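[1] sequence first, predicted coordinates after that:
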Amino acid sequence: MSSVKILHDNDADASVLVGKTVAVIGYGSQGCAQANCMRDSGVHVIIGSRKGPSFDRAVADGFETMSFSEAAAKADVIHMLLPDEFHGPVFAEDIKQHMTPGKTLSCSHGFNIVFGEIVPPAGCDVIMVAPKSPATEERKAYLAGFGVPGLVAVKQDATGKALQTALAMAKAMGFTRAGVLECTFEQETYEDLFGEQNVLCGGCVDLMKYGFETLVEAGYPPEMAYFECIHELKLIVDLVFEGGIQKMNKVISNTAEFGEYYNGPKIITPDVKERMKESLKRIESGEFARTFLNEIRVNKSANLLKAREDLGSHIAEVTGAKIRSLFERKG
């Protein structure tokens with residue numbers, strides 16, 4: 001079992017970014033949070049965006065905002081925070097010609113570098129600075145005087161200062177206050193995709209749906225099934241977040257804890273782990289990346305949008321909307 005180095009404020013030198021311009025490419029949730037945190041820390045940040053709501057929002061937030069190409073031309077550090085499927089085309093059309101020697105290409109997810117959608121030119125640093133948090137929580141933690149954990153990685157160190165730049169950006173966003181893990185692009189990319197697909201999104205969503213469906217099909221009220229299999233999951237995850245699995249088990253009832261040991265292994269059996277291993281191989285081989293990009297670029301997201309629509313009509317979602325409306329604060 002390998003481990004990674006954890007770095008904090010004392011390991012990062014914010015002065016590395018003094019006199020430099022960071023262009024945040026894309027002003028969605030992460031672009032907005034990261035740009036504002038860096039600016040609040042004294043970094044000169046500009047925004048590259050297409051005309052539209054994101055562009056207008058960046059202007060309203062007081063940023064110098066321009067096209068992708070103009071921002072890349074002006075910047076010393078080009079920090080790409082667009083959705084994964086747009087990195088390759090935008091880099092080829094608007095960024096690549098401005099990647100002159102000594103500049104830094106940065107991102108918060110290694111997908112496009114690892115899977116060859118972007119091949120950076122020699123002479124440029126290539127780094128990753130990635131928060132391990134949704135953008136809303138990341139910004140909230142920064143404003144509270146702390147930060148969320150993060151990752152830094154270096155893929156190409158042409159100047160000999162790539163890691164220092166990554167750490168300076170991480171410090172400017174508050175990540176080093178909580179702790180930053182130094183890893184590789186491959187580690188971040190493969191583990192991130194695996195976690196999303198097998199546990200956080202794919203695994204967890206299907207587990208909730210199957211549990212809900214089992215109770216409803218057995219004749220139990222859907223409202224009660226929703227509370228038991230979906231609503232209360234947040235309460236359990238919050239306990240794990242605060243103190244780990246063992247802490248959670250100390251807080252829940254003895255009945256619930258014993259049920260975890262008694263029935264959990266009968267549901268999540270060793271064959272699930274074997275299928276997870278197969279999933280990891282599909283990720284590491286690039287099969288998932290090719291399938292995903294084909295869905296977006298060739299199928300125009302048809303299957304993705306159909307699955308999203310179908311999920312909205314699932315009885316668990318319909319019941320959940322009804323339950324949440326009953327408990328909304330009035331007035």
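    Everything's here; your move.
[2] which residue comes closest to residue 22 once chain neighbours are left out?
    Spatially, and ignoring its direct neighbours in sequence, residue 22 is nearest to residue 77 (4.5 Å; Cβ to Cβ, 6 or more residues apart in numbering). In short, each C-beta sits where N, CA and C put it, glycine included.
[3] which ones are touching the one you found?
    Residues counted as contacts of residue 77 (Cβ atoms under 8 Å, 6 or more residues apart in numbering) are 17, 20-23, 103-104, 106, 165, 169.
[4] how long is stretch 171-178 from one end to the other?
    10 Å (Cα to Cα, to the nearest Å).
[5] show me how far it is from its chain's centre.
    16 Å (Cα atoms, centre = their mean, to the nearest Å).
[6] repeat for stretch 198-215
    21 Å.
[7] dump it to PDB, restricted to CA.
    Output of stretch 198-215 as PDB, limited to C-alpha atoms (Å, rounded to 0.1, in the frame of the first residue of the first chain):
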ATOM      1  CA  ASN A 198     -18.500   2.700  -8.100                       C
ATOM      2  CA  VAL A 199     -19.200   4.400  -4.800                       C
ATOM      3  CA  LEU A 200     -20.200   8.000  -4.700                       C
ATOM      4  CA  CYS A 201     -22.600   8.200  -7.600                       C
ATOM      5  CA  GLY A 202     -23.100   4.900  -9.500                       C
ATOM      6  CA  GLY A 203     -22.900   2.600  -6.500                       C
ATOM      7  CA  CYS A 204     -24.700   4.800  -4.000                       C
ATOM      8  CA  VAL A 205     -27.500   5.800  -6.300                       C
ATOM      9  CA  ASP A 206     -28.200   2.200  -7.300                       C
ATOM     10  CA  LEU A 207     -28.100   1.000  -3.700                       C
ATOM     11  CA  MET A 208     -30.600   3.700  -2.700                       C
ATOM     12  CA  LYS A 209     -32.900   2.900  -5.600                       C
ATOM     13  CA  TYR A 210     -32.800  -0.900  -5.000                       C
ATOM     14  CA  GLY A 211     -33.500  -0.500  -1.300                       C
ATOM     15  CA  PHE A 212     -36.400   1.800  -2.000                       C
ATOM     16  CA  GLU A 213     -37.800  -0.400  -4.700                       C
ATOM     17  CA  THR A 214     -37.500  -3.500  -2.500                       C
ATOM     18  CA  LEU A 215     -39.600  -1.900   0.300                       C
END
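[8] could you pull out the buried residues of it?
    Buried residues in stretch 198-215, defined by neighbour count with 16 or more other Cβ atoms under 10 Å: 198, 203, 207-209, 211-213, 215.
[9] then stretch 131-151?
    131-133, 135, 138-139, 141-142, 147-151.
[10] any weak-confidence spans in the stretch 1-150 of the chain?
    1-3 (pLDDT under 70).
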